[in-house]
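**Student:** Sequence first, predicted model second:
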Amino acid sequence: MPPTIAAAVFALGIVGLFWLDRDRDTPTSRALWIPVVWLLVAASRPVSAWLSMTPPIDQPNAYLEGSPIDRLVLAALLTLGLIVLIKRGRQVSSLLRANLPVILFFVYGAISTTWSDFPEVAFKRWIKALGDLVMVLIVLSDVDPAAAVKRLLARTSFLLVPLSILLIKYYPALGRGYNHFTWTPYYSGAATDKNGLGLLCLVCGLGVLWQVYRVLHSEGTPHKRRHLIAHGVLLAMAVWTLWMANSVTSLSCFVMGGVIIVTTHWFKLGQKPAVAHTVVFVLLVISFSVVFLDAANGLLAALGRNPTLTGRTDIWTHVIPLNPNALLGAGYESFWLGERLEKLWSVYWWRPNEAHNGYLEIFLNLGWLGVAQLGVLMVTGYRNAFAEFRSAPENGCVKLAYFAAASAYSFSEAGFRELSPIWISFLLATVAVPAPIPAPEIAPEFDFSLADDSANSMSSFGAAASLELQQEYVDEEIT
């Protein structure tokens, strides 16, 4: 099939997926498209890369410059996102008060830019991280947070997964590549490399699997068949693309998250708190053992990985002594810059730009204080996710899946960093959504436009409020 015809067929297929998954009975604001675009960029390629305007990264100083086009696009999205949050003042304030550990983590990151060797670069990167939080707050302050999360994941998946297959099959110059050092081929799809493609499919695949199980177990859902067709087809695409990516870390984390969703959603026994805790704990212990314990070398070999995880364990021993301050770190996202990067590039021919361990990465950039804050963030985040699971297992199961997947993914990759889809999904899973704001006796009508979507009060992430209940809520700004 000629590439142009294939592109037209895939475009029609994407439109068909959106059409099959339409749901006019569950309102979400048009502002939701802002985090959708943000996640599309984070999970695929920078805009400059799509336009073939990315500067070559052949020198350590190239990381200091960045792309003006990418800065402009992200700044525009961030500005629009902040406008939406300002209009949703009461809801956002309630969210922030309920998530103090998240706020403290981001505030400490901002403060750490002051002791960075490159404070301007560090601050720009922190602004990107702030954008991740802004987009998560937009989603969770929508009319129905559960429906907003569903549509965020669905829209992103409907666009990126078929596009990846199209690029792999019919546009190899864009969807495939060769490692410049080993000259081995790999599939990248809509991402920048095979690991990026694997991460894309991990995040999208878990979201799609969640939707499949929600549809299968929902009673009386209108148009159940067409929703199941849309997400079933997309799940098959995501699994095939994940297999083609040959990213063992993403594939393993997808299996882990899938086991959690199936176990806690399909079986009644799995919905018992003790059983759910045990499932998550055992899976994380197995993942930790595979990565860090010598006893798991045989399993690594069976998965097609060498015991050093392609040099990851070697680099861990080299970067720790280079940390300029064990307590405070090098400053937000500042370790892999300047002389340290030059020194490491002189040792490693594959030119690393991360520690390939999310927890070690936090230590290098934010020190032990940052690691402690991350620990608090994870403990409180798991508590929030499990509280949602206990009240609404059909929605809370995906929170547990994303929490476990992000935690395990960061054993061998830098998962806790800005513009990473696994970090965004981790925030979506762990940010607590407070109870709805009490409503006065009389309620005005609602206008679900971008300008007025702040009139919609928040429901719990996992409990989709009925339209009648939503209309009882009042936005004091409108009145």
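**Tutor:** Everything's here; your move. The structure displayed is predicted, hence computed values, not measured ones. Residues are numbered from 1 along each chain as shown.
**Student:** Cross-check the contact I'm expecting between V136 and I424.
**Tutor:** Yes. With contact defined as CB atoms under 8 Å, V136 reaches I424; the gap is 6.6 Å. C-beta here means a position set from N, CA and C on the backbone, and glycine is covered the same way.
**Student:** remind me which residues of the stretch 301-450 of the chain are low pLDDT?
**Tutor:** The stretch 301-450 of the chain contains residues with pLDDT under 70 at 301-312, 436-450.
**Student:** what about the helices in it?
**Tutor:** Using DSSP state H, counting those that start in this stretch, the helices found in the stretch 301-450 of the chain span residues 312-319, 338-347, 358-391, 393-409, 421-430.
**Student:** got TSV for the ones you listed, with mean neighbour count and distance to V149 too?
**Tutor:** TSV is the format used below for these (neighbours: other CB atoms under 10 Å; distance: least, CB to CB, whole Å):
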stretch	mean neighbour count	distance to V149
helix 312-319	16	32
helix 338-347	15	37
helix 358-391	20	11
helix 393-409	26	8
helix 421-430	26	6
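**Student:** The ones you listed: which one's closest to L283?
**Tutor:** helix 393-409 (5.9 Å; CB to CB).
**Student:** coming back round to it: shared neighbours, V136 and I424?
**Tutor:** Residues touching both V136 and I424 (CB atoms under 8 Å, 6 or more residues apart in numbering): none.
**Student:** The nearest residue to W345 once chain neighbours are set aside: neighbour count?
**Tutor:** Leaving aside its chain neighbours, W345 sits nearest to R351 (5.2 Å; criterion: CB to CB, 6 or more residues apart in numbering). Neighbour count of R351, defined by other CB atoms under 10 Å: 14.
**Student:** would you list the helices of the stretch 301-450 of the chain in TSV and tack on distance to F288?
**Tutor:** Shown next, in TSV, are the helices of the stretch 301-450 of the chain (distance: least, CB to CB, whole Å):
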stretch	distance to F288
helix 312-319	14
helix 338-347	26
helix 358-391	11
helix 393-409	8
helix 421-430	17
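**Student:** For V41, find the nearest of those.
**Tutor:** Here helix 421-430 is closest among the helices of the stretch 301-450 of the chain (CB to CB), at 10.0 Å.
**Student:** mind saving the C-alpha coords of the closest one as PDB?
**Tutor:** Extracted in PDB, the C-alpha atoms of helix 421-430 (Å, rounded to 0.1, in the frame of the first residue of the first chain):
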ATOM      1  CA  PRO A 421       4.500  10.500  30.500                       C
ATOM      2  CA  ILE A 422       5.100   8.100  33.400                       C
ATOM      3  CA  TRP A 423       5.700  11.000  35.800                       C
ATOM      4  CA  ILE A 424       2.400  12.700  34.600                       C
ATOM      5  CA  SER A 425       0.500   9.400  35.000                       C
ATOM      6  CA  PHE A 426       2.100   9.000  38.500                       C
ATOM      7  CA  LEU A 427       0.800  12.500  39.500                       C
ATOM      8  CA  LEU A 428      -2.700  11.700  38.000                       C
ATOM      9  CA  ALA A 429      -2.700   8.500  40.200                       C
ATOM     10  CA  THR A 430      -1.400  10.000  43.400                       C
END
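**Student:** Distance from the chain centre to it, please.
**Tutor:** Taking CA atoms, centre = their mean, to the nearest Å, one finds helix 421-430 lying 5 Å from the centre of the chain it belongs to.
**Student:** contacting residues around it?
**Tutor:** Here helix 421-430 makes contact (CB under 8 Å, 6+ apart) with 39, 42-43, 102, 132-133, 135-136, 139-140, 149, 152, 199-200, 202-203, 206-207, 377-378, 380-382, 384-385, 398-403, 405-406, 409-410, 415-417.
**Student:** ok, now with 7 Å
**Tutor:** For helix 421-430, the external contacting residues (CB atoms under 7 Å, 6 or more residues apart in numbering) are 39, 42-43, 132-133, 135-136, 139, 149, 199-200, 203, 381, 384-385, 399, 402-403, 405-406, 409, 415-417.
**Student:** Same check on stretch 187-205?
**Tutor:** Contacts with stretch 187-205, where a contact means CB under 7 Å, 6+ apart, come from 43-45, 49, 153, 156-157, 160-161, 163-164, 167-168, 175-177, 186, 235, 238-239, 241-242, 244-247, 249-251, 253-254, 405, 421-422, 425.
**Student:** Among these, name the ones in helices.
**Tutor:** Within the contacts of stretch 187-205, residues falling in helices by DSSP state H are 43, 49, 153, 156-157, 160-161, 163-164, 167-168, 175, 235, 238-239, 241-242, 244-245, 249-251, 253-254, 405, 421-422, 425.
**Student:** Am I right that A75 sits in a strand?
**Tutor:** No. Counting by DSSP: H, G, I helix; E, B strand; the rest coil, A75 is not part of a strand but helix.
**Student:** count of neighbours near it?
**Tutor:** So A75, with other CB under 10 Å, has 14 neighbours.
**Student:** What's the separation between it and V47?
**Tutor:** As for A75, its distance to V47 is 12 Å (criterion: CB to CB, to the nearest Å).
**Student:** likewise G381?
**Tutor:** From G381 across to V47, the span is 30 Å (CB to CB).
**Student:** So for S116, which of the helices of the stretch 301-450 of the chain sits nearest?
**Tutor:** helix 358-391 (8.8 Å).
**Student:** For that closest one, what is the distance to the chain centroid?
**Tutor:** The mean C-alpha position of helix 358-391 is separated from the chain mean by 15 Å, CA atoms, centre = their mean.
**Student:** what packs against it?
**Tutor:** On a contact count with 3 or more CB pairs under 7 Å, 6 or more residues apart in numbering; DSSP states H and E, helix 358-391 meets helix 100-112, helix 393-409, helix 421-430.
**Student:** quick one: which of the ones you listed is nearest P222?
**Tutor:** Nearest to P222, of all the helices and strands packed on helix 358-391, is helix 393-409, at 17.0 Å by CB to CB.
**Student:** between the closest one and helix 358-391, how many degrees?
**Tutor:** 170 degrees (axes from the mean of the first three to the mean of the last three CA atoms, to 10 degrees).
**Student:** Mind listing residues that contact helix 393-409?
**Tutor:** 146, 202, 206, 210, 214, 217, 249, 253, 256-257, 260-261, 264-265, 271, 276, 280, 283-284, 287, 378, 381-382, 385-386, 388-390, 415, 422, 425-426, 428-430, 461-462.
**Student:** Apply 6 Å and report the result again.
**Tutor:** The contact list for helix 393-409, computed with CB atoms under 6 Å, 6 or more residues apart in numbering, reads 146, 206, 210, 214, 253, 256-257, 260-261, 264-265, 271, 280, 283, 287, 382, 385, 388-389, 415, 422, 425-426, 429, 462.
**Student:** How much space separates R71 from S48?
**Tutor:** 10 Å.
**Student:** oh sorry, the question was meant for V282
**Tutor:** Plainly put, V282 is 43 Å away from S48 if you go by CB to CB.
**Student:** The two: who's more crowded?
**Tutor:** For V282 versus S48, neighbours defined as other CB under 10 Å are more numerous around S48 (18 against 11).
**Student:** contacting residues around the more buried one?
**Tutor:** So S48 contacts T54, S67, I69, D70 (CB under 6 Å, 6+ apart).
**Student:** Tell me which of these fall in helices.
**Tutor:** Those of the contacts of S48 lying in helices (DSSP H): I69, D70.
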